[in-house]
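A.B. asks: sequence? don't have it. structure:
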């Protein structure tokens with residue numbers, strides 16, 4: 001199991017999305033990213049997740065990605081590709097591993113959930129899984145990478161009993 005350090009902003013208080021839901025989404029991402037072995041490592045593995053607001057995510061998006069707008073989720077990996085390869089191979093020699101940081105913007109998440117007509121907790125679970133996949137080195141810049149990442153998201157969400165966010169159906 002990956003330790004989840006959760007910083008929950010006040011605006012998320014009535015969202016029905018908290019520590020338990022975040023941990024379930026993290027666990028589902030680990031299971032379907034084909035790297036479940038890291039959850040069994042004797043080295044402590046952790047991720048930091050912050051449930052924040054548009055203002056903070058806007059500032060981070062502008063500073064780190066040069067984007068002049070908020071977004072639903074940002075991921076900040078702590079490991080480079082070589083370190084990830086070593087981690088997956090079981091040869092990463094550190095006393096503990098911090099995968100990285102994920103931050104969600106409440107207002108953007110809530111608006112997207114409303115637009116999709118789904119509970120915000122379902123959408124936030126999807127975004128945590130999406131962020132975790134980024135921390136594991138996945139990306140969606142190229143079409144084939146996007147298809148793989150989307151398929152992993154769908155499988156992880158289905159394992160939680162949540163519908164495919166791209167079709168609103170549960171895929172088994």
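C.D. replies: Sure thing, it's come through. Keep in mind it's a predicted model, so treat the numbers as computed, not measured.
A.B. asks: buried residues in the helix or strand of the chain with the lowest mean pLDDT?
C.D. replies: One helix or strand of the chain scores below all others by mean pLDDT, DSSP states H and E: helix 81-89, with a mean of 80. Neighbour counts using 16 or more other Cβ atoms under 10 Å place 84, 87, 88 of helix 81-89 among the buried residues. (Glycine included, C-beta is placed from N, CA and C.)
A.B. asks: helix or strand next in line after that helix, which one?
C.D. replies: Counting by DSSP states H and E, the next helix or strand C-terminal to helix 81-89 is strand 97-105.
A.B. asks: so what secondary structure elements neighbour that following strand?
C.D. replies: strand 45-52, helix 54-65, strand 73-77, helix 120-135 (3 or more Cβ pairs under 8 Å, 6 or more residues apart in numbering; DSSP states H and E).
A.B. asks: can you say which of those is packed in most?
C.D. replies: Stretch with highest mean neighbour count among those: helix 120-135 (a mean of 25; mean count of other Cβ atoms under 10 Å).
A.B. asks: who does it touch, helix- and strand-wise?
C.D. replies: Contact here means 3+ Cβ pairs under 8 Å, 6+ apart; on that basis helix 120-135 packs against helix 19-32, strand 45-52, strand 73-77, strand 97-105, helix 106-116, helix 143-159.
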